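Chemist: My questions concern the predicted model and sequence given below.
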Amino acid sequence: MNVKLWQRRKLLQWGLAGLGVTGAAVALPQVLRQFQTGTVKVPPLPGNAPLVSGMNPLAMLREFDYGTVTQENGRTVREFRIQAQTSKLQLNAAISFISWNFDGRVPGPILRATAGDRVRVIFRNRGGHSHSMHFHGVHPSGMDGVRPVRNGSSTIYEFDAEPFGLHLYHCHVAPVTRHIGKGLYGMFIIDPPGGRPPADEMALIMGGYDLNEDGRNELYAFNGVPDYYMQHAIPIRQDQLVRVYLLNMIEWDPAVTFHLHANFFRVYRTGLTLEPDEEADVITMGTAERHILEFSYRFPGQYMFHPHQDGIAERGCMGQFKVIGDATGDEEHGTHG
Ligand SMILES: [Cu+2]
């Protein structure tokens with residue numbers, strides 16, 4: 001569906017089609033802005049969701065790290081302190097994995113800034129091997145993070161947050177496939193200056209695990225822990241806009257798809273636009289490719305999501321949403337965390 005058709009559908013949903021704004025491309029941003037004053041209802045997380053190696057993937061979904069904010073010479077500076085580590089990650093009841101990671105978690109923290117901010121990352125390497133942090137985005141050569149930082153030392157990466165969109169960071173020490181495959185990757189979101197309309201926002205990052213170092217992945221996961229969201233469905237509200245920041249960090253497999261059951265999503269490719277580029281229920285992503293997806297569910301119930309390379313899905317890269325119709329107990333969240 002093209003964007004005009006999508007706008008027409010949204011205007012119809014909002015009951016505005018009869019107000020003379022139908023088909024007027026300029027009308028949509030104004031309509032969206034009205035919705036930014038609203039609040040988002042996030043269902044309470046189930047109390048029985050277990051920690052896995054200190055991580056709670058249900059909580060990690062919506063944990064955005066905005067850094068420590070200061071003003072320097074009239075501009076916003078966001079400072080992040082990140083440490084490379086080596087730690088054991090329990091992938092399932094039988095299999096543990098020695099991960100190389102940022103801040104003791106796979107994926108690393110979801111770093112978030114607004115376009116135009118100054119971003120300062122103080123990186124300490126305590127991982128036992130040389131590592132680095134290479135950010136996607138626009139920055140000078142010296143800040144590109146391809147130079148190894150020796151174990152025990154530190155460095156500072158500093159650059160302007162641009163362009164707005166959905167980006168990532170990862171270790172860029174060779175062999176990169178191994179360093180990423182061990183867990184050294186994370187998401188980096190740059191919000192547009194005016195933000196995006198209110199939504200239940202969450203991050204889903206696909207990763208793979210080459211357990212026996214044969215150049216193939218034996219297990220896969222959304223947000224680090226195989227099958228976690230199958231066993232502990234992600235609660236969302238019926239008829240509420242969900243915004244998924246989706247990133248593919250699976251090494252060894254050239255590309256995977258993402259498929260959402262019983263629904264269609266609008267795609268903002270690489271998060272670079274405020275208008276959707278397309279609508280689909282399957283989208284293909286090479287390694288490091290990422291998109292913002294938006295959708296809402298009309299009917300309560302459980303709905304799966306997974307790559308449609310079903311062998312990959314069945315090795316841990318599978319989850320489900322639990323769409324809840326009753327708002328009792330919801331937490332109200334503002335537009336931004
Ligand atoms: Cu590394």
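Modeler: Sure, I can see it.
Chemist: neighbours of the closest residue to Cys171 other than its chain neighbours, just the number please.
Modeler: With sequence-adjacent residues excluded and distances taken as C-beta to C-beta, 6 or more residues apart in numbering, Cys171 is closest to Leu184, at 3.7 Å. All C-beta atoms are positioned from the backbone trio N, CA, C, and that covers glycine. Per other C-beta atoms under 10 Å, the neighbour tally for Leu184 reads 30.
Chemist: Quick check, Leu184 in contact with Asn101.
Modeler: Yes - contact status for Leu184 versus Asn101: in contact at 6.3 Å, counting by C-beta atoms under 8 Å.
Chemist: For the chain, what lies in contact range of the ion?
Modeler: Residues of the chain lying near the ion by C-beta under 5 Å from the ion: His131, Cys171, Val173, His179, Leu184.
Chemist: From the centroid of the protein, which residue is nearest?
Modeler: Taking C-alpha atoms, centre = their mean as the criterion, Ala203 is the residue nearest the geometric centre of the chain, at 2.9 Å.
Chemist: surely that one meets Asn223?
Modeler: Yes - Ala203 is within contact range of Asn223, at 7.3 Å (criterion: C-beta under 8 Å).
Chemist: what touches both of the two?
Modeler: Jointly contacting Ala203 and Asn223 under the rule C-beta atoms under 8 Å, 6 or more residues apart in numbering are Met60, Leu61.
Chemist: Distance check, Phe295 against Phe305.
Modeler: In this view, Phe295 and Phe305 are 10 Å apart by C-beta to C-beta, to the nearest Å.
Chemist: What of Thr273?
Modeler: Taken as C-beta to C-beta, the span from Thr273 to Phe305 is 22 Å.
Chemist: ok, those two, which is more surrounded?
Modeler: The neighbour count for Thr273 versus Phe305, taken as other C-beta under 10 Å, is higher for Phe305 (24 against 15).
Chemist: where does that one land in three-state SS?
Modeler: When classified by DSSP: H, G, I helix; E, B strand; the rest coil, Phe305 comes out as strand.
Chemist: who touches it in this structure?
Modeler: Leu204, Phe258, His259, Leu260, His261, Met318, Gly319, Gln320, Phe321.
Chemist: could you redo the last one with a cut-off of 6 Å?
Modeler: Leu260, Gly319 (C-beta atoms under 6 Å, 6 or more residues apart in numbering).
Chemist: got it, and Val267?
Modeler: Asp277, Glu278, Ile283, His291.
Chemist: chain center to the helix or strand where it lies, what's the gap?
Modeler: Secondary structure from DSSP states H and E places Val267 in strand 265-269. Counting by C-alpha atoms, centre = their mean, to the nearest Å, strand 265-269 is centred 14 Å from the centre of its parent chain.
Chemist: So what's the gap between the following helix or strand past that strand and the chain middle?
Modeler: Next helix or strand after strand 265-269 toward the C-terminus (DSSP H and E): strand 278-280. Averaged C-alpha coordinates place strand 278-280 at 19 Å from its chain's average position (C-alpha atoms, centre = their mean).
Chemist: picking up where we left off before, neighbour count added to the contacts of Val267, as JSON lines?
Modeler: What follows is these, written out as JSON lines (neighbours: other C-beta atoms under 10 Å):
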{"residue": "Asp277", "neighbour count": "17"}
{"residue": "Glu278", "neighbour count": "15"}
{"residue": "Ile283", "neighbour count": "20"}
{"residue": "His291", "neighbour count": "25"}
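Chemist: quick one: which of those residues is nearest to the ion?
Modeler: His291 (25.7 Å; C-beta to the ion).
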